[in-house]
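In: Can you look at this prediction? I've put the sequence above it.
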Amino acid sequence: MGEGQREGKKPIVELDGVGKTYFRDKEPVVVLDNISLDIEEGSYEALMGPSGSGKSTLLNLIAGLDRPSRGSARVAGQELSGMSDSALATFRSRTMGFIFQAYNLMPVLTAVENVELPLLLTKLSRGERKKRAQTALRVVGLEERMNHYPRQLSGGQEQRVAIARAIVNDPRIIVADEPTGDLDRKSADEILTLLEKLNKEFNKTILMVTHDPQAAERATVIHRLDKGNLS
Amino acid sequence: MIPVAYNLRNLAVRKTTTLATAAGLGLVVFVFASVLMLANSIERTLGRSGRPDVAIVLRKGSDAELASGIEAQQVSLILGNADVAKRPDGKPDGVGEIAAVILLPKLGTDGESNVQVRGVPDDVMAFRPSVTLVEGRPAQPGSDEVIVGKAISGRFKGLTLGQSFELRKNRPLKVVGIFADGGSSFESEVWGDVHSVGSAFGRQGSMSSVRVRLLSPAKFDGFKASIDQNQQLGLEVLRETDYYEKQSEGMNVFIGALGISIAFLFSVGAMIGAMITMYGSIANRQREIGTLRALGFSRFSILLSFLLESICLALIGGAIGALASLAMGMVRFSMVNFASFSEVVFTFEPTPGIMLGSLAVAVVMGLFGGFLPAVQAARMSPIKAMRG
């Protein structure tokens, strides 16, 4: 194995003793206890666990949407725990692609405009942005629907637009929170196949929270969380 | 930056709320623009009545013609001043006039109102060449005939071509002509023979004012000094433009204070309306805001985006209000000139400056109304916002 390949295998996510405590009416609620976890670049990993086990909180910490209460969270070479709000926002826009259970598309924007959103944070020209958004829609097989509004699309198609939005800025990591939770089996399978394609063909690191065992099976590694700890 | 299309389409999606809020904001802009248009009209109507090379002489201490009295022999002394311009026939270019006020029934209402009557000499048209007859014929000198300004013609009983009205009991005057003067306040006056008006009001041998055209506007100071020098005359000299400007100032302060107070009170309501609309809109779009934040848009981008949306909303209202105020251009509005105690007819005169100023007021209302909701949107945590 050459040096370059070893470099490629270096964990893109390194969590060391990460904990998260919320305060509810001044009472501390420990959501994540003491998580240490490495995720290698290019892997496809699933997080499973019962409701309230802390899997979405863990995903949010890795995605830079939240900061750990203790421990170190190093993602894509950056320590997230001490970052300011604006630094985290920049980190997310450059490193992360997001896929949500409810798709979270802007209802007043067309498919291509939704996909273009992350590119508005770059210095790309209008023409270049449009071209890249169309390319992303082509990857998810929805190029001919680019001028449709979300309300004119099926749930599966909406999620595919969301996936196009997640990959358009070429992020190193894609985080998916219950990406098939609102879909029928057939649409869910299509989405999971698409995620597999992104992982295998485009070498995207994918981290997915799911309740669905069939979805989790597609991942190469499955982590199970229970009461704030990895089991 | 979040695309403006996102904000505009969100406003379009919530059509009813957007229009209702915009209408509230539009009302403020309408009142504001109308007040400014009226103030502009007052300034211009009275301003048009004055010429820079004309001096008006009044009795010392009287602010207006109505309260002034100048003896007939003093008139020839004033007209004989070396700074007074001469007409081609060699006569001095000036007029001694009597200003009086009569009460006439106002057409279309049950009330009565004051009308300014001006006793003018036969050669008044030579002194005021801008005055033209638009209907009828000139009044016969020394007769009981009058001509009426086109702004008040038809607004009072008897002030229509061919009709008569009473100057005093059993002293009917017949309207034989209608005149125009480029929209000046003279158009709100009745002009009759100076002797007839004088005798009707018991003012024979006395004038209210003397106006003279000077050789040039620069001659004013010299003319004023020579009249002031003669303490016995007890007269006061004003430039005609200053005289009318002073009158318009008084009316403008009144209109301005009233109008701006109303606009201000309305604006508080309209801004609260805009604030409620924006708070509602933000509450409905929490998940969208959270998603935008997750994608990497900064708090500042969110703040800017919602402020922009509020400004767009206000500009829609501003455009509605400004357009509605333009329709006021067709309305003629009469009010009492405090200096002459008589009615002067004004229109609402728009200018590009007034329209832009009104839209600026809309933008300010949008900014104030949208600020707190935009701050709330910007402060949302992405995770909590996405949970809804």
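Out: The structure has been received and is ready for your questions.

In: what mean pLDDT would you report for stretch A:132-142?
Out: Average pLDDT, stretch A:132-142: 96.

In: is it up against chain B anywhere?
Out: No - using Cβ under 8 Å from any Cβ of the partner chain, stretch A:132-142 never reaches chain B; the gap is at least 12.4 Å. Glycine gets a C-beta too; all of them are placed from N, C-alpha and C.

In: all strands of the stretch 1-150 of chain B, in order?
Out: B:54-59, B:70-71, B:94-105, B:112-120, B:132-136, B:145-149 (DSSP state E, counting those that start in this stretch).

In: Can you list the strands that the third one pairs with?
Out: If I follow you right, that is strand B:94-105. Here strand B:94-105 has these sheet partners by DSSP bridges: strand B:112-120 (antiparallel), strand B:209-213 (antiparallel).

In: winner for burial among those strands?
Out: Neighbour counts (mean count of other Cβ atoms under 10 Å in any protein chain shown) averaged over each of the strands paired with strand B:94-105 peak at strand B:209-213, with a mean of 24.

In: which residues touch whichever residue of chain A sits closest to chain B?
Out: Scanning chain A for the residue nearest chain B gives A:Ser93, at 2.5 Å (criterion: Cβ to the nearest Cβ). Neighbouring residues of A:Ser93 by Cβ atoms under 8 Å, 6 or more residues apart in numbering or on different chains: A:118, A:121, A:169, B:295-297.

In: so which of those is the most crowded?
Out: For those, the largest neighbour count, defined by other Cβ atoms under 10 Å in any protein chain shown, is 28 neighbours, found at A:Pro118.

In: you'd agree that one is up against B:Leu295?
Out: Yes - between A:Pro118 and B:Leu295 there is a contact under Cβ atoms under 8 Å: 5.2 Å.

In: Would you mind listing the residues touching both of those two?
Out: A:93, A:165.

In: can I get the strands paired with strand B:94-105 in TSV with distance to B:Gln232 and mean pLDDT?
Out: Compiled in TSV, the strands paired with strand B:94-105 are given as follows (distance: least, Cβ to Cβ, whole Å; pLDDT from 0 to 100):
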stretch	distance to B:Gln232	mean pLDDT
strand B:112-120	26	92
strand B:209-213	16	95
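
In: Identify whichever of those strands lies nearest to B:Leu58.
Out: Ranking the strands paired with strand B:94-105 by distance to B:Leu58, with Cβ to Cβ as the measure, places strand B:209-213 first at 5.5 Å.

In: That closest one vs strand B:54-59, what angle?
Out: Relative orientation of strand B:209-213 and strand B:54-59, computed by axes from the mean of the first three to the mean of the last three Cα atoms, to 10 degrees: 160 degrees.

In: now the angle between strand B:209-213 and the helix or strand following strand B:209-213, please.
Out: Downstream of strand B:209-213, the next assigned helix or strand under DSSP states H and E is helix B:220-229. Put simply, helix B:220-229 runs at 150 degrees to strand B:209-213, going by the same axes, to 10 degrees.

In: which residues sit against helix B:220-229?
Out: By Cβ under 8 Å, 6+ apart, helix B:220-229 touches B:53, B:55, B:57, B:78, B:81-84, B:212, B:214, B:233, B:235, B:237, B:239.

In: Which one (most neighbours) among the residues you listed?
Out: With neighbours taken as other Cβ under 10 Å, the top of the contacts of helix B:220-229 is B:Ala55, carrying 28 neighbours.

In: so what's it up against?
Out: Shown in contact with B:Ala55 (Cβ under 8 Å, 6+ apart): B:211-212, B:214, B:220, B:223-224, B:237-240.

In: if you set the cut-off to 7 Å instead, what comes out?
Out: Shown in contact with B:Ala55 (Cβ atoms under 7 Å, 6 or more residues apart in numbering or on different chains): B:212, B:214, B:220, B:223, B:237-240.

In: helices or strands next to whichever strand or helix holds A:Leu137 in the packing?
Out: Element membership of A:Leu137 [criterion: DSSP H and E] is helix A:126-139. In terms of contacts (3 or more Cβ pairs under 7 Å, 6 or more residues apart in numbering or on different chains; DSSP states H and E), helix A:126-139 is packed against helix A:111-116, helix A:155-167.

In: could I get the ones you listed as JSON lines with mean pLDDT and mean neighbour count?
Out: Converted to JSON lines, the helices and strands packed on helix A:126-139 look like this (pLDDT from 0 to 100; neighbours: other Cβ atoms under 10 Å in any protein chain shown):
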{"stretch": "helix A:111-116", "mean pLDDT": "97", "mean neighbour count": "26"}
{"stretch": "helix A:155-167", "mean pLDDT": "96", "mean neighbour count": "25"}
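
In: Which strand or helix spans the spatially most central residue of chain A?
Out: What sits nearest the mean C-alpha location of chain A, by Cα atoms, centre = their mean, is A:Val175, with 1.2 Å. Secondary structure from DSSP H and E places A:Val175 in strand A:173-177.

In: now that strand against helix A:155-167, angle please.
Out: Put simply, strand A:173-177 runs at 150 degrees to helix A:155-167, going by the same axes, to 10 degrees.

In: Partner strands of strand A:173-177 and their direction?
Out: Strand pairing for strand A:173-177, determined by DSSP bridges: strand A:96-99 (parallel), strand A:205-209 (parallel).

In: Let me know which of the ones you listed is the nearest to A:Ser53.
Out: Ranking the strands paired with strand A:173-177 by proximity to A:Ser53 (Cβ to Cβ) places strand A:205-209 first, at 10.0 Å.

In: can you pull the buried residues of the longest helix along chain A?
Out: Looking across chain A with DSSP state H, the single longest helix is helix A:185-202. Within helix A:185-202, the residues scored as buried using 16 or more other Cβ atoms under 10 Å in any protein chain shown are A:187-192, A:194-195, A:198-199.

In: Return the alpha-carbon coordinates of it using CSV.
Out: Taking Å, rounded to 0.1, in the frame of the first residue of the first chain, the C-alpha atoms of helix A:185-202 are listed here in CSV:
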residue,chain,number,x,y,z
ARG,A,185,-40.2,1.2,0.0
LYS,A,186,-39.7,1.7,-3.7
SER,A,187,-38.6,5.3,-3.5
ALA,A,188,-36.5,4.5,-0.4
ASP,A,189,-34.6,1.8,-2.3
GLU,A,190,-34.0,4.3,-5.1
ILE,A,191,-32.6,6.8,-2.7
LEU,A,192,-30.4,4.2,-1.0
THR,A,193,-29.1,3.1,-4.4
LEU,A,194,-28.3,6.7,-5.2
LEU,A,195,-26.4,7.1,-1.9
GLU,A,196,-24.4,3.9,-2.6
LYS,A,197,-23.5,5.3,-6.0
LEU,A,198,-22.3,8.5,-4.4
ASN,A,199,-20.2,6.5,-2.1
LYS,A,200,-18.7,4.1,-4.6
GLU,A,201,-18.5,6.2,-7.7
PHE,A,202,-17.8,9.6,-6.2
